[in-house]
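Engineer: okay, predicted coordinates and the sequence, questions at the end:
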Amino acid sequence: MKRAPHTPHRRKAVRDPPWISPESPAAQDAVRRCGAQGQQGAVQFFLQRVNGGLYVEREEIPRHGIRVCQSLLFNERALFERWRDDDPIRFEHPLLYRQLQRDADALWGVESAIDDALSR
C-alpha cells in the first residue's frame, strides 16, 4: 500500500502581538510572498514581520534534484539588506529581487504601525 507523500505546512513564525487585532492594517500587512520560475526551477520567498525583526524563508525548487529551504530571522534592516544583495536572484531574477526589496521595505515599515498602536 502506497502512502501519500507528506506535504509540509507553513506555520506562522510568531503570533501577532495581543494589541494587534486581526482587522488592523499592521496584522494584515505583516506577511508577504513572492516567487519566480525559470528554466532551472523556481525560487519562492515568504516574509513575515515578527516581534524580533523580519522572518524570511527562501525556497529553491529545482526541476530535478533536491529542494532547499532556508529560514532566517533578521533583527536589523542592514543585515537583511546585505543578505538580500548577496543572493544570486539579484542577477538571475532581477524582477523578483526588486519585489523582495519592496516587500521587505513594506514589512520593516510595519514596525512603525505597531508603535503607533501601542502609543494609543
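Structural biologist: Ah, there it is.
Engineer: helix or strand: which one has the closest residue to Ala42 other than its chain neighbours?
Structural biologist: Once flanking residues are discounted, Ala42 sits nearest to Ile61: 4.4 Å by C-beta to C-beta, 6 or more residues apart in numbering. Heads up, the C-betas are built off the backbone N, CA and C, glycines and all. In this structure, Ile61 is located in strand 53-62 according to DSSP states H and E.
Engineer: circling back to that earlier point, so who does the residue nearest to Ala42 touch?
Structural biologist: Neighbour list for Ile61: Gly41, Ala42, Val43, Gln44, Arg67 [criterion: C-beta atoms under 8 Å, 6 or more residues apart in numbering].
Engineer: any chance of a markdown table for the residues you listed, columns secondary structure and distance to Arg98?
Structural biologist: Formatted as a markdown table, the contacts of Ile61 follow (DSSP: H, G, I helix; E, B strand; the rest coil; distance: C-beta to C-beta, whole Å):
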| residue | secondary structure | distance to Arg98 |
| --- | --- | --- |
| Gly41 | strand | 20 |
| Ala42 | strand | 17 |
| Val43 | strand | 14 |
| Gln44 | strand | 16 |
| Arg67 | coil | 24 |
